[in-house]
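A.B. asks: coords please:
(one chain, ligands or ions: 2)
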Amino acid sequence: MGTNRGMPILPVSAYTSQEWFDREQERIFSRTWAFAGFAEDITEPGQYISVQAGLNNIFVVMGRDRRLRAFHNICRHRGTQLLRAVGQTQRAIVCPYHDWTYDLEGCLISVPAQEREFPELDLSKITLRRASTDLWRGMLWVHPDENAGSIMQWFGDVEPFLGPHKVEELVEYKEGRTEYDVRANWKIVVENYIDGYHLAHLHSGTLAMYDHSRIKAEFIGPHYAFWEPLSADYAENLEKNAPYPLVIPTEQAGAWVPMLFPGIGLGESESSWSLFHVTPLAPDLTRVVIRTRVADVSSWEFTRQSFRSFGFWSKRIGGKYEGDGDDPMASGDFTKEDIYACEQQQRSLKSPYFVHGPSSVEGEAGVRGHQELVRDWVGDG
Ligand code: FES
Ligand SMILES: [Fe+2]
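C.D. replies: Ligands and ions are numbered 1, 2, ... in the order given. The predicted structure is shown next:
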C-alpha cells in the first residue's frame, strides 16, 4: 500500500455517483465471496437462503444428499427469480411464472404442457446455472463463479490474524440481530470501521476498555487485520468486568476487529463474536446487519436491556447509558455513534466547499489502503 497522505485517492464522486456504484457492483461485489448466512441456517434438504452478490442473486440449497449447492436464482425459461429470501421448498423448486420445475440439484424436471408447447425440448439438457458455495469458520459463503475455487484461497492468508474463537461452537443470540439502513456510501461505513484514529474520540465514552495506543493493524491481501488489547484496568478484573461468559482464554483477551473484503467486518471479543455485514443499496445508502454469537451456556441469562448491539461492548461503560433517547451521541452505543458520524460525513460530500483534508499517519492508514484497494479493483473507466 502506498503512503500518499496528501492527495485524495478517490474522487468525491466515488461516494456519491450512480456510475461508481454500478462499477463497484460489477467489479467488486460480483467477483468476490459474499456472506450468505451461518452454517446452521441450512440444516435440512430443501432449506435455502438467497443472497445478493453484486449483480447476481444466488441461492444456496441443501440437496436430498444433504450437500449444499449454490445456483443463480434465474429461471432457464424467461429468467424469473425463482426463490425469495429464506425458506424451505419441499422436493422441488417451482418457478412462479410458468411452473417450470427443478429438483434440489438444479435439474429441470418438468415443464407444463411440454408435448404441445415444447415438443423439441430435452429437459435433461437444462439445469440451473451453478455458482459456488463454501463454509468457512461457521459461515456460509457464495461466489457467482462456479469455478471460484476453494474459499481458503480467498481467506486463508488472513485466517492466522483472526481471533482464536471457535465460531461453530458459539450460538447465535437471535434477538440481538440488528439491522440498520445507514444513509452513507458503503465505503464511508467501511472506512469508519477500520479508522483507528476515531476510537479514542468519537467513542471516548463507549470503547474505553481498549488500549487504542497499542492497535496492530495491517492489510493481508485485500483484508484488513485489526487487533487491539484491553486496557490494563479492564483486563485486571476481566472475569468481573466482562458481562458475559468468556469465549476465549483470559490470557488471549483483546479485540480482533478485521474487515474482510468487501464489507464483512468481524468483532471478535473475549465474550462474544459478531458479524458486521455491509451491503451497498445505493450510492448514499448502505444496509448493515449485525449478528452475534455467544457462549452456549444455559445457566446464564441476559436481558434485552443489557444487550447493546455490536458485540455487547457498549454496556461495559456503566452509568452512562440511560436509554436510547434521540441523541445517538448519548446512546451509550458505539454503533449509533459510528452511524451518526458516517451520515454526517456523507451529507458534507454534497457541498461544493468540501475537499478532503490531510490523513493521519497511523490511525488512518487503513482508510487510505482501502481507498487504494477500491481504486485498483474498480479501475478507471
Ligand atoms: S420464466 Fe420461469 S417458467 Fe417461465
Ligand atoms: Fe467506530
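A.B. asks: quick one: low-confidence parts of the stretch 201-350 of the chain?
C.D. replies: 243, 298-326 (pLDDT under 70).
A.B. asks: That one: strands as residue ranges?
C.D. replies: Using DSSP state E, counting those that start in this stretch, the strands found in the stretch 201-350 of the chain span residues 216-220, 223-228, 255-256, 259-260, 264-268, 273-282, 285-294.
A.B. asks: for the stretch 1-150 of the chain, same thing?
C.D. replies: Counting by DSSP E, counting those that start in this stretch, the strands of the stretch 1-150 of the chain are 34-38, 47-53, 56-62, 68-72, 86-88, 92-94, 101-103, 108-110, 130-136, 139-143.
A.B. asks: how would you label residue 175: helix, strand or coil?
C.D. replies: Here residue 175 is helix, with the state taken from DSSP: H, G, I helix; E, B strand; the rest coil.
A.B. asks: Tell me how many other residues surround it.
C.D. replies: 10 (other CB atoms under 10 Å). All C-beta atoms are positioned from the backbone trio N, CA, C, and that covers glycine.
A.B. asks: Kindly provide the distance from it to residue 288.
C.D. replies: 18 Å (CB to CB, to the nearest Å).
A.B. asks: Equivalent analysis for residue 369, please.
C.D. replies: Taking CB to CB, one finds residue 369 at 21 Å from residue 288.
A.B. asks: wait, residue 277 sits on residue 292?
C.D. replies: No - using CB atoms under 8 Å, residue 277 is not in contact with residue 292; the gap is 11.7 Å.
A.B. asks: Show me which of those two is the more surrounded one.
C.D. replies: residue 292 (24 against 20).
A.B. asks: Identify the spatial nearest neighbour of that one, chain neighbours not counted.
C.D. replies: residue 274 (4.4 Å; CB to CB, 6 or more residues apart in numbering).
A.B. asks: Relative to ligand 1, how far out is that neighbour?
C.D. replies: 38 Å (CB to the nearest ligand atom, to the nearest Å).
A.B. asks: From residue 163, how far out is that residue?
C.D. replies: From residue 274 to residue 163 the distance is 11 Å (CB to CB).
A.B. asks: what do those two both touch?
C.D. replies: Shared contacts of residue 274 and residue 163 (CB atoms under 8 Å, 6 or more residues apart in numbering): 266, 268.
A.B. asks: And these two? Which one has more around it.
C.D. replies: residue 274 (25 against 22).
A.B. asks: Perfect, I'm done here.
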